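In: Kindly return the folded structure for what I paste below:
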Amino acid sequence: EPHNMDMFLLNVSKDSKIALESCSCWQYVYDYLQDSGYDVALANPMQVSLIAKSRKKTDKHDAKILADLLRTNMLPESYAAPKDIRDERQITRHRLSLKSMQKQTKNKIHAILRRHGYQTELDDIFTQKGIQYLESLDMPMHDRYELDDYIEIIKDFTKRIKTADEHINIYVEKNPHAQLLRTHVGIDYYSALTITGEIGDIRRFNSGRKLISFSGLNPSVSQSGERCYTGRISKQGSKHLRRILIQCANVAVKYDRRLKSYYMKKKLAKGHNKAIVAVARKMLVNIYVMLNHNIPFHALRVNKAS
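Out: Reported below is the predicted structural model:
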């Protein structure tokens, strides 16, 4: 609460540095403290727990650990994105949330159809033709009511997702980095804004490999003595960036000759899933170069050829 924070900050000098753990409400507190003139460090809770693991778990004890790590310059910090980047993240994540809830509703409709043994030759029963089919089914009154309710919810979600897409398009038109990424095969308005929002300032990464590690698309490594094993992808870092890159890779291999050739070679050796991950990593390296040097995708291809 603002009043309680003001009372607390009366005893905290302006030249103090404050460690704030990244949690659900960090954005409000972080902005409030910065606007009040304090130097704020956003702590990475996962890395803090690795450094200062303790069986004692209280707010007072955790606060002391953060203070100790801060004063010894050992505090592992998270990236506190500027407000405009956070806004971009919020609109794309909102759209993702709408799609997720729409998918849950579609699954409920499929469950009703299975319950009554209905089968259809339609590939997608949620097109206009599919909805007409669903509305024509003869069912008991309580199931008919439930199905009609879910159909209306699906229609409402479709409208809301379309509105979210319109907002995303407006953000992209104002974001030169997102417009640049749209030149890459497989990347549209939504995916471009998701990628720029999740990456933030590309200068945070001094190599494409660091960006790949941030996305969690890098292979996990287990080393003991002279033995070194590489396993599945680490899945550390931004799950949203990793998810959208996998989606973009599945599209890109259909329309780009070089990426398709690369995908087919990997697929023969390791199967579809690992091949798509390899393509996603390759795309992320392209994105790193494009954003760092402000060049479109076709210019990237020309430079590689030369």
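In: leaving aside the residues next to it on the chain, what's closest to the most centrally placed residue in the chain?
Out: Nearest to the centroid of the C-alpha atoms of the chain, with distances taken as Cα atoms, centre = their mean, sits H240, at 1.4 Å. Leaving out its chain neighbours, the residue that sits closest to H240 by Cβ to Cβ, 6 or more residues apart in numbering is E198, at 5.2 Å. Yep, even glycine has a C-beta here, placed from its N, CA and C like the rest.
In: next one: I112
Out: The spatial neighbour of I112 that comes closest, neighbours along the chain excluded (Cβ to Cβ, 6+ apart), is L147 at 5.4 Å.
In: Show the contacting residues for that neighbour.
Out: 109, 112, 134, 137, 139 (Cβ atoms under 8 Å, 6 or more residues apart in numbering).
In: Against which helices or strands is the helix or strand in which the residue nearest to the centre of the chain is found packed?
Out: H240 is part of helix 239-255 when elements are defined by DSSP states H and E. Packing contacts for helix 239-255, counted by 3 or more Cβ pairs under 8 Å, 6 or more residues apart in numbering; DSSP states H and E, involve helix 83-115, helix 189-199, helix 208-215, helix 257-270, helix 272-293.
In: Apply 7 Å and report the result again.
Out: helix 189-199, helix 208-215, helix 257-270, helix 272-293 (3 or more Cβ pairs under 7 Å, 6 or more residues apart in numbering; DSSP states H and E).
In: circling back to that earlier point, filter the contacts of L147 down to the buried ones.
Out: Neighbour-count burial (16 or more other Cβ atoms under 10 Å) is assigned, among these, to 109, 112, 134, 139.
In: which stretches of the chain have low pLDDT?
Out: 54-55, 221-225, 227-230, 301-306 (pLDDT under 70).
In: if we go to 90?
Out: 1-6, 8, 22-25, 44-62, 118-124, 218-237, 299-306 (pLDDT under 90).
In: returning to what we had before: only the buried residues of the helix holding H240, if you could.
Out: 240-249, 252-253.
In: got those as TSV, with distance to D35 columns?
Out: Output for these, formatted as TSV (distance: Cβ to Cβ, whole Å):
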residue	distance to D35
H240	27
L241	29
R242	33
R243	33
I244	32
L245	35
I246	38
Q247	37
C248	37
A249	41
A252	42
V253	47
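In: farthest-separated two in those residues?
Out: Using Cβ to Cβ, the two most remote members of the buried residues of helix 239-255 are H240 and V253, lying 21.3 Å apart.
In: Please, where are all the strands along the stretch 1-150 of the chain?
Out: According to DSSP state E, counting those that start in this stretch, the stretch 1-150 of the chain carries its strands in the segments 17-21, 39-43.
In: Out of those strands, flag the one nearest R281.
Out: strand 39-43 (27.7 Å).
In: report the angle between the axes of that closest one and strand 17-21?
Out: 30 degrees (axes from the mean of the first three to the mean of the last three Cα atoms, to 10 degrees).
In: which other helices and strands contact strand 39-43?
Out: Packed against strand 39-43 by the contact rule (3+ Cβ pairs under 7 Å, 6+ apart) you find strand 17-21, helix 26-35.
In: what sits up against it?
Out: Under the contact criterion Cβ atoms under 7 Å, 6 or more residues apart in numbering, strand 39-43 has outside partners 17-22, 26, 30, 33-34, 66, 70, 75-78, 80.
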